[in-house]
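1. Pasted the sequence and its predicted model underneath.
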Amino acid sequence: MSTPVLKARGLVKRYGRVTALDHADFDLYPGEILAVIGDNGAGKSSLIKAISGAVQPDEGVIELDGKPVQFGSPMEGRQAGIETVYQNLALSPALSIADNMFMGREIRKEGFAGKWLKQLDQAQMRKIAREKLSELGLMTIQNIDQPVETLSGGQRQGVAVARAAAFGSKVVILDEPTAALGVKESRKVLELILDVKSRGLPIVLISHNMPHVFEVADRIHVHRLGRRHAVIRPGDYTMSDAVAFMTGAKDPPPDNEAA
Amino acid sequence: MTETEQPPRTRQDFENTLDQSDKRVASFESKHSGFMDRAQHFLHGNPTMVPVIVLMISLLIFGVIANNFFSAFNLSLIMQQVSIIGMLAAAQSLVIITAGIDLSVAAIMVLCSVVAGKLAVELGVPSIIALPMSFILGAACGWLNGFLITRIKLPPFITTLGTWNVFYALILYFSGAQSIRGADIDANAPFLKFFGNSIPIGGAQITYGSILMVLIFVVLWFMLNKTAWGRHVYAVGDDKDAAELAGIQTNKVLLSVYVLAGLICAIAGWASIGRVGSISPQSFYEGNLNSITAVVIGGISLFGGRGSIMGALFGALIVGVFQSGLRLAGVDVLWQVFATGWLIILAVAIDQWIRKVSA
């Protein structure tokens, strides 16, 4: 296998007496969808936060494209090309789709208006936002100035995924993207995920939904007790095996890639 | 990774019926029926239209029932009367859009005018130096509010309730509870009254202060709607955590809002000297609440993130129009206050109704 896009070794994160990450390892290879599963409290969120820059691990190293990196904030992680879609989506409900997509990285006009008056190039931002949404098959969105709060849950998820896909140059992390969605909307989001993958971006998918994980993931990272317990391929094991690894009912397989 | 390694991409059985289902996942057709529905959606998209419509209707009504209401002189008088509260409302709007509230705006304004007067009239500091010093003081007062709210994490209401009292005490300290008379200002520092000058157009008297108020609103409108800073201000007021995750430095944005609000209050302090003609520590004691009234009537949501700054201008004008119209119609002053009270309640009720709009 090629070099991992994102690699972590020996991550430790303690909150007081609680050890959320206990020498956890992590590997994400180019072009793959890696699902991260684990029981509640297994440390999935801490792992994701550590690699996206939202928390700083106490120990361990993170490498992006083989180079060691340290993120002091989510903004730094993002600047390095790691985009995260949080469970609560991090969208501002009253602002428009275009405003939300460019939140924190607005485009200014050129020349005097942009340099001195700091005027935004709203036409340009609308155009790019529309293009990005169309690329992901959300082209039925006609009014890019529509407030996000008037969209359905799946449409909001679509906007958040489109934002991540549009600006994430290295990695896209999705935290429970289908947790709050209905059957039809979940399907659409899964298609979106495969679409993003087909454009060459590796994806980290955190999910509790086994059918969804087994359907789209290339590899499954099983997190248990703060560390990587096993890495399996969905073709080799059943969902009940995965749950067994996750809960500790079964020991990790001997051919474990995590070893 | 080769294709053979891929796991089978199978859908779940229960999803097979999806083929026959409606495919329009992200369609935006609106199926509004009925006038009220349409009105609700229209106002949701254009929140400033509520105060504009109310302003138009009240102008019409008072034009019919009150004598001389539509004279150029009376209309320009309304502008003069609302100019100071209008400027405070502009500062207040900024804070309220971030889901905060600033009870200290009028206290900052009076403090700045008192200090500018003290320096320029009593200590003989040239106005051209005394005024910028009062502006720095105003910005510093705003910074104190912002610091307490963002760093010490106190709620804006409590913070500014506290600083209101602190600033008011400073007003009494610097002024010695004495007013500075207009004659003394004219003799020593006439420039302090600059915004009391006016341009006569026909029968109207457009004061520089009225023009300044409109100018402040236009500049703030541009900043809020056409710059990244403005979008961030709305995002912070809308959902602070989401804005933070989207990469906005929310505390920096909040601090800048309070500092700017303080600066606007200081500028309003200068304008108030021209409007009142003297500097009184007792003036504008109700200015805090009047500025909130204008903002609320202007359709800016107290919950933050919604409404246009221009709404506050119209809100201030509505209050001015009501008071002027009722006075010209010979209605007792108590009914003017009565009407303002109901206006506030009506404005908030409409805001709640608009916010209930569904997709």
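-> Thanks, I have it.

2. Which of the three states applies to the residue most central in space within chain B?
-> Among the residues of chain B, residue B:93 comes closest to the average C-alpha position under CA atoms, centre = their mean, at 2.8 Å. At residue B:93 the chain is in helix, as set by DSSP: H, G, I helix; E, B strand; the rest coil.

3. can you pull the contacts of it?
-> B:220, B:295, B:298, B:300, B:307, B:309, B:311-312 (CB atoms under 8 Å, 6 or more residues apart in numbering or on different chains). C-beta: built from backbone N, CA, C; applies to glycine.

4. among these, who's most crowded?
-> Counting neighbours by other CB atoms under 10 Å in any protein chain shown, the top entry in the contacts of residue B:93 is residue B:312, with 34 neighbours.

5. mind checking which helix or strand it is in?
-> Under the criterion of DSSP states H and E, residue B:312 resides in helix B:309-328.

6. ok, and does that helix reach over to chain A?
-> No: contact between helix B:309-328 and chain A is absent, the nearest approach being 14.2 Å (criterion: CB under 8 Å from any CB of the partner chain).

7. Remind me what that helix packs against, helices and strands.
-> Contacts defined by 3 or more CB pairs under 8 Å, 6 or more residues apart in numbering or on different chains; DSSP states H and E place helix B:309-328 against helix B:49-65, helix B:72-97, helix B:208-226, helix B:287-297, helix B:333-355.

8. For it, what is the distance to the chain centroid?
-> Remark: helix B:309-328 is offset 14 Å from the chain centroid, using CA atoms, centre = their mean, to the nearest Å.

9. Now do it against helix B:287-297, angle only.
-> 110 degrees (axes from the mean of the first three to the mean of the last three CA atoms, to 10 degrees).

10. Now helix B:309-328: average pLDDT?
-> Average pLDDT, helix B:309-328: 91.

11. And for stretch B:272-280?
-> pLDDT averaged over stretch B:272-280 gives 93.

12. OK, contacts around residue B:301?
-> Counting by CB under 8 Å, 6+ apart, residue B:301 has contacts B:96, B:307, B:351, B:355.

13. From those, pick the one nearest residue B:70.
-> Using CB to CB, residue B:307 comes nearest to residue B:70 of these, at 28.9 Å.

14. Tabulate the helices and strands packed on helix B:309-328 in a markdown table, adding columns for distance to residue A:229.
-> Converted to a markdown table, the helices and strands packed on helix B:309-328 look like this (distance: least, CB to CB, whole Å):
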| stretch | distance to residue A:229 |
| --- | --- |
| helix B:49-65 | 58 |
| helix B:72-97 | 48 |
| helix B:208-226 | 50 |
| helix B:287-297 | 55 |
| helix B:333-355 | 47 |
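
15. Got the confidence number for the residue nearest to the centre of chain B?
-> Predicted confidence (pLDDT) for residue B:93: 97.

16. try residue B:198
-> 91.

17. Give me the phi and psi angles of it.
-> Recorded main-chain torsions at residue B:198 are phi -140, psi 160, according to degrees, to the nearest 10.

18. so it bridges to which residues?
-> residue B:207 (DSSP bridges).

19. which parts of the stretch 101-250 of chain B sit against chain A?
-> So the stretch 101-250 of chain B meets chain A at B:222, B:226-229, B:231-232, B:234-235, B:238-239, B:241-243, B:245-248 (CB under 8 Å from any CB).
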